[in-house]
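**Student:** Need a 3D model of the sequence below.
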Amino acid sequence: MKSIRYIFSLLALVIITSSTAVAAPQVGVMLGSDSGINAKFGDIKIGVGLDNFSITLDKMIDFNNTPYFYYGFGGKIDDINSSHHDVKLGARAIFGAQTSVEKFTFFVEAQPILYIIDDVKVELEAIAGVRYQF
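**Tutor:** Residues are numbered from 1 along each chain as shown. The predicted structure follows:
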């Protein structure tokens, strides 16, 4: 468990320090594979799933400087408080679309994930949601 925390902390540090965009923070909700809270700080997106407690951290990159479509990469820790102590760690890509209406951003994402701890497998997950810009 200690090595999982170390790996995820190192990944978070690399993603956060490579962030160059500075924008107002956004916080909202997401529904789908991970239903919970979603926050965006510049080009870094953090999600906390509440169904099976999970944490995601992603770096987002715009397609050809268009604000509507993006891709990215990141990681996910899933089933953190599971009764079987089967914590899953995965590397993932994200592909999404977003649009803003006043201070609200609506988004939808597809997320192929390669789980590398607990059981090696590939899954396709998806979320949709809305964030409010402060």
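**Student:** Just the buried positions in whichever strand or helix holds Arg131, please.
**Tutor:** Using DSSP states H and E, Arg131 maps to strand 121-133. Burial within strand 121-133, assessed by neighbour count using 16 or more other Cβ atoms under 10 Å, is assigned to Glu125, Ile127, Gly129, Val130, Arg131. Just so you know, the C-beta spots here come from the backbone N, C-alpha and C atoms, and that holds for glycine as well.
**Student:** In a markdown table, list the residues you listed along with distance to Met60.
**Tutor:** A markdown table is the format used below for the buried residues of strand 121-133 (distance: Cβ to Cβ, whole Å):
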| residue | distance to Met60 |
| --- | --- |
| Glu125 | 16 |
| Ile127 | 13 |
| Gly129 | 14 |
| Val130 | 16 |
| Arg131 | 12 |
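**Student:** returning to what we had before: mind giving me the packing neighbours of the strand holding Arg131?
**Tutor:** Counting contacts by 3 or more Cβ pairs under 8 Å, 6 or more residues apart in numbering; DSSP states H and E, strand 121-133 is packed against strand 26-32, strand 36-41, strand 104-117.
**Student:** So which elements touch the helix or strand where Lys59 lies?
**Tutor:** Assigned by DSSP H and E, Lys59 belongs to strand 54-62. Using 3+ Cβ pairs under 8 Å, 6+ apart, the elements in contact with strand 54-62 are helix 2-17, strand 44-49, strand 69-78, strand 88-101.
**Student:** For that strand, which strands pair with it and how are they oriented?
**Tutor:** strand 44-49 (antiparallel), strand 69-78 (antiparallel) (DSSP bridges).
**Student:** so which of these gets nearest Asn38?
**Tutor:** Ranking those by distance to Asn38, with Cβ to Cβ as the measure, places strand 44-49 first at 4.9 Å.
**Student:** which regions of this structure lie under the pLDDT threshold?
**Tutor:** Judged by pLDDT under 70, the chain has its weakly predicted residues at 1-22, 80-85, 118.
**Student:** thinking again about what came up before, got the angle for the strand holding Arg131 vs strand 36-41?
**Tutor:** With axes from the mean of the first three to the mean of the last three Cα atoms, to 10 degrees applied, the angle from strand 121-133 to strand 36-41 works out at 70 degrees.
**Student:** Cool, thanks, talk later.
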